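J.: Here's a sequence, model it:
(2 chains)
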Protein chains: 2
Amino acid sequence: MPHINLPAEFPGISSGFVFRPETAKPMRELAHILLHEPNSLTPGERELIATYVSSRNCTTFCELSHGAAAEAHLGDPALVKQVKTDFAQADITPKLKALLVIAGKVQQDGKLVTAADVEAARKQGATDLEIHDTVLIAAAFSMYNRYVDGLGTWQPTDPAMYAQMGQHLADMGYREPSIRQPATV
Amino acid sequence: MPHINLPAEFPGISSGFVFRPETAKPMRELAHILLHEPNSLTPGERELIATYVSSRNCTTFCELSHGAAAEAHLGDPALVKQVKTDFAQADITPKLKALLVIAGKVQQDGKLVTAADVEAARKQGATDLEIHDTVLIAAAFSMYNRYVDGLGTWQPTDPAMYAQMGQHLADMGYREPSIRQPATV
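T.: A predicted model of the protein is given here:
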């Protein structure tokens, strides 16, 4: 039950975005740049970072929607699960593993990131821009997750809904709403 | 010492914004809407919420810059300190006290916000929009704080620098950089 009068038929962050379109616009834009625009980290890799942070924050809506977007990009549901459970054993690049270490620290507290963490990522080929964007993805999902949870939004668990949403996000990105016809959800 | 090659003469979040102008734009826009645009919560009250969250996250740059903006709006440095130390005893409205309870929970984890917290704010006259914006200010500063700390930015402590910055933020808001001439800082 949402804490305020959000449109009941929209799940998760969509309900906050419909309630307050003024703030939705820059929040969508930031996600679009970080997760969807061309980057030396693939969209699938960036969605894995977003999924990992949301999983650690136990925010169901974000974990499942970005997990579904990662699946749509990578075509490997087991990999997404493995990254959430124990990314050190996952079939991802050593660079992404080093970046996930940084993301996990930012999720707790940015001050936990050490020069050694950053050096380890650099040794695996990470650029300054990739390190910057990893820090900001983890920081931004510390916002999105708290927004979704703090408003008490409706967070469904139907996998079919997330599969559809994830495909839309993977194809179109974040500038436009992924859920336009809430009655069909 | 910043973790990546940020422009050394810009403090705090400014250095990240100069490094990555694409993401700076929506991050500035969101802060401008939340803290500076007309709202039934005064800009001073909203800066107090931002200062309180940043103080709890121990992010010096954000705590001191938004504290200085709150001072510029409210003209009362002791009040800003009191809100950070023990807002229950501060000379602020009962409504703002109830909203700070919500902000403090969102700073930890959005799931900690209860229906009773929201009902308490409503009893003091808080509207749905005020509750929404309080949740989002606290969530957004969970991002800004982690971004500033996670990049290892330079966070000076010179009060004169923050007083100047706070006055600029109070007057002009967040769309344009508050530090244009870093050599004078």
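
J.: Tell me where chain A is predicted with low confidence.
T.: Within chain A, the stretches with pLDDT under 70 are A:179-185.

J.: Please give me every residue in contact with the residue nearest the centre of it.
T.: Chain A has residue A:50 as the residue nearest its centroid, 2.7 Å off, counting by C-alpha atoms, centre = their mean. Residue A:50 makes contacts with A:35, A:62, A:66, A:69-70, A:137, A:141, as judged by C-beta atoms under 8 Å, 6 or more residues apart in numbering or on different chains. No exception for glycine: its C-beta is placed from N, CA and C like everyone else's.

J.: Go ahead and confirm residue A:66 touches residue A:57.
T.: No: with contact defined as C-beta atoms under 8 Å, residue A:66 does not reach residue A:57; the gap is 11.6 Å.

J.: Compare those two (neighbour count), which wins?
T.: residue A:66 (30 against 22; other C-beta atoms under 10 Å in any protein chain shown).

J.: Report the buried residues of stretch A:86-99.
T.: For stretch A:86-99, the buried set under the neighbour-count rule, 16 or more other C-beta atoms under 10 Å in any protein chain shown, comprises A:87, A:90, A:92, A:95-99.

J.: Could you dump the residues you listed into TSV with secondary structure and distance to chain B added?
T.: Output for the buried residues of stretch A:86-99, formatted as TSV (DSSP: H, G, I helix; E, B strand; the rest coil; distance: C-beta to the nearest C-beta, whole Å):
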residue	secondary structure	distance to chain B
A:87	helix	18
A:90	coil	22
A:92	coil	21
A:95	helix	15
A:96	helix	17
A:97	helix	18
A:98	helix	13
A:99	helix	12
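
J.: Relative to residue A:1, which of these is nearest.
T.: Among these, residue A:87 lies closest to residue A:1 (C-beta to C-beta), at 34.1 Å.

J.: residues contacting that closest one?
T.: A:52, A:97, A:100.

J.: relative orientation of the top helix by length along chain A and helix B:128-150 in degrees?
T.: In chain A, assigned by DSSP state H, the helix with the most residues is helix A:128-150. Orientation check (axes from the mean of the first three to the mean of the last three C-alpha atoms, to 10 degrees): helix A:128-150 against helix B:128-150 gives 150 degrees.

J.: Isn't residue A:133 up against residue A:46?
T.: Yes: contact criterion C-beta under 8 Å: residue A:133 and residue A:46 qualify, at 7.4 Å.

J.: list residues touching both of these two?
T.: Joint contacts of residue A:133 and residue A:46 (C-beta under 8 Å, 6+ apart) are A:34, A:39.

J.: Check the gap between the spatially closest residue to residue A:32 that is not a sequence neighbour and chain B for me.
T.: Distances taken as C-beta to C-beta, 6 or more residues apart in numbering or on different chains put residue A:174 closest to residue A:32, at 4.0 Å, once the chain neighbours are dropped. Distance of residue A:174 to chain B, computed by C-beta to the nearest C-beta, to the nearest Å: 11 Å.

J.: Who are the contact partners of residue A:174?
T.: A:28-29, A:31-32, A:35-36.

J.: re earlier: which of the residues in the helix or strand following the longest helix of chain A are buried?
T.: Once helix A:128-150 ends, the next helix or strand along the chain (criterion: DSSP states H and E) is helix A:159-172. Residues of helix A:159-172 classed as buried: A:161-170 (neighbour count, 16+ other C-beta under 10 Å).

J.: Let's have the residues you listed in JSON lines, adding distance to chain B.
T.: Putting those into JSON lines (distance: C-beta to the nearest C-beta, whole Å) gives the following:
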{"residue": "A:161", "distance to chain B": "21"}
{"residue": "A:162", "distance to chain B": "20"}
{"residue": "A:163", "distance to chain B": "25"}
{"residue": "A:164", "distance to chain B": "25"}
{"residue": "A:165", "distance to chain B": "20"}
{"residue": "A:166", "distance to chain B": "22"}
{"residue": "A:167", "distance to chain B": "24"}
{"residue": "A:168", "distance to chain B": "21"}
{"residue": "A:169", "distance to chain B": "17"}
{"residue": "A:170", "distance to chain B": "20"}
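
J.: Compile the residues you listed into JSON lines and extend it with columns for distance to residue A:121.
T.: Output for the buried residues of helix A:159-172, formatted as JSON lines (distance: C-beta to C-beta, whole Å):
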{"residue": "A:161", "distance to residue A:121": "35"}
{"residue": "A:162", "distance to residue A:121": "30"}
{"residue": "A:163", "distance to residue A:121": "32"}
{"residue": "A:164", "distance to residue A:121": "34"}
{"residue": "A:165", "distance to residue A:121": "30"}
{"residue": "A:166", "distance to residue A:121": "27"}
{"residue": "A:167", "distance to residue A:121": "30"}
{"residue": "A:168", "distance to residue A:121": "31"}
{"residue": "A:169", "distance to residue A:121": "26"}
{"residue": "A:170", "distance to residue A:121": "25"}
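
J.: Go through those and say which is closest to residue A:125.
T.: Nearest member of the buried residues of helix A:159-172 to residue A:125, counting by C-beta to C-beta, is residue A:170, at 24.7 Å.

J.: can you pull out the helices in chain A?
T.: Applying DSSP H to chain A gives helices spanning A:12-19, A:21-31, A:43-56, A:60-74, A:77-86, A:94-108, A:115-123, A:128-150, A:159-172.

J.: Mind putting the ones you listed into TSV with distance to residue A:5?
T.: As requested, the helices of chain A are exported to TSV (distance: least, C-beta to C-beta, whole Å):
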stretch	distance to residue A:5
helix A:12-19	8
helix A:21-31	15
helix A:43-56	25
helix A:60-74	19
helix A:77-86	33
helix A:94-108	30
helix A:115-123	43
helix A:128-150	15
helix A:159-172	23
